[in-house]
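Participant: Have a look; sequence and predicted model below, questions after that.
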Amino acid sequence: MSETKHMPGAKIAVSDLSVTFVQGRRPVRAVRDVSFSVRPLESFGLVGESGSGKSTVLRAICGLAPVSGGDIRIDGGAIPQPRDKAFARKVQMVFQDPYGSLHPRHTIDRVLSEPLSIHRFADREDRIVQALKDVGLDARFRFRLPHQLSGGQRQRVAIARALIVEPEILLLDEPTSALDASIQAEVLNLLTRLREERSLTVIMVSHDLAVIDHMCERLLVMRGGEAVEALDRSALADRKVASDYTRSLLTASEGYVR
Amino acid sequence: MSRAPTEAPLLDVKNLRVRFETHRGVTEAVRGVSFTVGRERVGIVGESGSGKSMTGRAILRLVRPPGIATADRLAFEGTDLTALSERRMRAMRGRRMSMVMQDPKYSLNPVMRVGRQLIEALKVHERISSKEARRRALDMLADVQIRDPERVLAAYPHELSGGMGQRVMIAMMLIPRPDLLIADEPTSALDVTVQLEVLRILDDLVKDRGMGLIFISHDLRLVSTFCDRVLVMYLGKIVEEIEASRLSEAKHPYTRGLLECLPEIGAPRTPLKVLKRDAAWA
C-alpha cells in the first residue's frame, strides 16, 4: 500500500488510520493502520463482512468515530477538528438505513430545506424542487412524511439531502443493502448518473462485491479492521486476486456450490 | 437433483389465500397460490410484499389476527391441516413441520441460556430425562457444525455471533426431526461466507434425512444455486414455477427482470436493467 500513500493530487488520502473504541476498560481497535487514496472524480470501494471496519472508516472521515492514529487528508490538507461547516458542505454521507436516517416527523420539504438554511443558500424553493427532480421523485412527495414513502423513495430523499448542498465528496454506507434488488438497480443507476453530473468523488462501502464492482474503479478489501488487499476492477473481473479471503468472497458472490 | 416420487407429496397447497381486514379495507397478501413440496428443496422468491413469508406462516397456521388464511386444500402427508384443532396443530408444529426465521436475535429468548432453550424444545415433544435431552442437544449442536457445543450450551444468545445464533436456531428446529422445514430468509442476516456454511448444513439435512425444505428468500441468485425448484411470487401470486437449473430460461418478465437487475462482477459498465412492472402480472 505504500505507493498509494504518496499518491500526488489525491482527493482523499487516508494513511495508517486507526480507530479505537473504549468499551468499559477494554479498548477495541475497530480499524488498524488502514491506508488508501482516492483520486479526484474517482469512485472507490470498501468491501468486507460485518465487523471488518469498513463503515467505521467512513465514519472516521466524517468525524463520527474516534481516530486514534494516522491521518486523513482532503485535497492535501488536514481536516478540521471538530469538523466545521465548510467540511459538511464539501463532504456528505448517505447511510444504510433509510428508515433510521430521516426524521420521522419532518416532511421531505423540511428534511431538504434544513441543510439549505444551515449553509445559507438563497433560492431554497427552486433548489428543493430541482433536488426532488434530480433523484427522480415526483413533486407531490414534497410535503409527505418519511413513513408515507417506500424504502427506495426514502433512500432517494437521503441522496437528495446529501447532494442539495453541492458537495464534492459523497460517502455512501451500504446505500442499497436494505432495498429489493430491482430498487437497488434503480438507486445504483441514479448514483452513477448523479456522480457524473455533479463531478463527485465517491467512497462506497458495501458487503456486496458485485455492487462495488459495478460502481467503483478501485477497491479495498477489509477484514477484522485491517486492509486485506487493494484491487482494481480489471483484476476482479479476471479473478486475479492475491488473498484467499478475497477469493472466498468472490466464490460466495456466485451463490451456493453443491 | 432428482425429484422425489410425487404420488403423495409431503405438502399439498391449493388456492391458499391470506387476507387482512382492517378498518381501511381488505388487503390480500396471498392471492390463491397452489403448489406441492416433496422431499426436495423448493425456493420461494419474491420482493418485499410479495407474500412469500405469509405463505410460509400460513402453512404452519401461524398467521396472526386480523389476518385470515384460507385454502381449498392444505394437506401435510395427507392430513388436512385446516381441519385440525389448535391442540393437534401444535403437536404437528415443531415435531413434523418446523420454521426457521430470519434473525436469531429475535427468535431466541435473550434471558435464557441456549442449553435450556434447546432442552425445552426437546422435552415439549418427547418424554426423556434431562440427561438424555442434554446429550441430544449437544449432538445436535455438533451436527450444525458448532465446534464447541459445551460452551454454546452454557451461553446466552447475545454471546453468540449471528452465524452461531442461526445454527442454534436450526439445531432447535431440527431436534424433533421434522419432515418439513420452512426456512424464512435463514441466511439473510449473515455474512456471505457464513451464509454458505449454513446452507451446507441445510443441504446435508435434506440429503441425509430426506427432509423437505421450503426456502424463502429475496435472493434469486442464491435460491437458483441452492434449490431444486423455484416458485416466483409477485403481489401474492405465483407468477412462475421453474426448475432451478433452468432459471436462465425463465419466461415471465418479472423473473427475467429480477435476474437482469443484479450487478455482475466483470460485466460491462452499462446502466443496470430496471424492472418494468406490468399491471397485468397482478
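Facilitator: Now that the structure is in, tell me what you want to look at.
Participant: Touching, residue B:92 and residue B:76? I think so.
Facilitator: Yes: using C-beta atoms under 8 Å, residue B:92 is in contact with residue B:76, at 7.0 Å. For the C-beta atoms, the positions are set from N, CA and C on the backbone; glycine is no exception.
Participant: which residues does residue B:102 contact?
Facilitator: B:184-186, B:188-189 (C-beta atoms under 8 Å, 6 or more residues apart in numbering or on different chains).
Participant: Could you export these as a markdown table, including pLDDT?
Facilitator: Shown next, in a markdown table, are the contacts of residue B:102 (pLDDT from 0 to 100):
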| residue | pLDDT |
| --- | --- |
| B:184 | 91 |
| B:185 | 88 |
| B:186 | 85 |
| B:188 | 80 |
| B:189 | 75 |
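Participant: Pick out whichever of the residues you listed sits closest to residue A:64.
Facilitator: Ranked by distance to residue A:64 (C-beta to C-beta), the contacts of residue B:102 are led by residue B:189 at 23.9 Å.
Participant: Which helix or which strand is home to the closest one?
Facilitator: Residue B:189 is part of no helix or strand when elements are defined by DSSP states H and E.
Participant: And residue A:61, by the same measure?
Facilitator: Counting by DSSP H and E, residue A:61 is found in helix A:54-62.
Participant: List the residues that contact the residue of the stretch 101-250 of chain B found nearest chain A.
Facilitator: Residue of the stretch 101-250 of chain B nearest chain A, by C-beta to the nearest C-beta: residue B:225 (3.3 Å). By C-beta under 8 Å, 6+ apart, the contact set of residue B:225 is A:254-258, B:244.
Participant: In the stretch 101-250 of chain B, where is pLDDT below threshold?
Facilitator: For the stretch 101-250 of chain B, not a single residue meets the criterion pLDDT under 70.
Participant: residues in it within reach of chain A, list them.
Facilitator: Listed as neighbours of chain A in the stretch 101-250 of chain B under the rule C-beta under 8 Å from any C-beta of the partner chain: B:162, B:191-196, B:199, B:203, B:218-222, B:224-226.
Participant: Can you say which of those residues are buried?
Facilitator: Neighbour-count burial (16 or more other C-beta atoms under 10 Å in any protein chain shown) applied to those gives B:162, B:191-192, B:194-196, B:199, B:203, B:218-222, B:224-226.
Participant: Which single one of those residues is nearest to residue A:240?
Facilitator: residue B:192 (20.2 Å).
Participant: and residue B:280, which of the three is it?
Facilitator: Following DSSP: H, G, I helix; E, B strand; the rest coil, the label given to residue B:280 is helix.
Participant: Quick check: buried residues in the helix or strand hosting residue A:130?
Facilitator: For residue A:130, the host element (DSSP H and E) is helix A:124-134. For helix A:124-134, the neighbour count (16+ other C-beta under 10 Å) marks A:127-128, A:131-132, A:134 as buried.
Participant: and the contacts of residue B:102, which are buried?
Facilitator: For the contacts of residue B:102, a burial check counting by 16+ other C-beta under 10 Å picks out B:184-186, B:189.
Participant: Now for the residues you listed: which two are most distant?
Facilitator: Top of the distance list for the buried ones among the contacts of residue B:102 (C-beta to C-beta): B:184 and B:189, 11.3 Å.
Participant: picking up where we left off before, give me the contact list for the helix or strand following the helix holding residue A:130.
Facilitator: Using DSSP H and E, the helix or strand that follows helix A:124-134 in sequence is helix A:151-163. Under the contact criterion C-beta under 8 Å, 6+ apart, helix A:151-163 has outside partners A:92-95, A:98-99, A:101-102, A:108, A:111-112, A:115, A:131-132, A:134-137, A:141, A:146, A:149, A:170, A:175-176, A:178-180, A:183, A:186-187, A:190-191, A:194, A:198, B:48.
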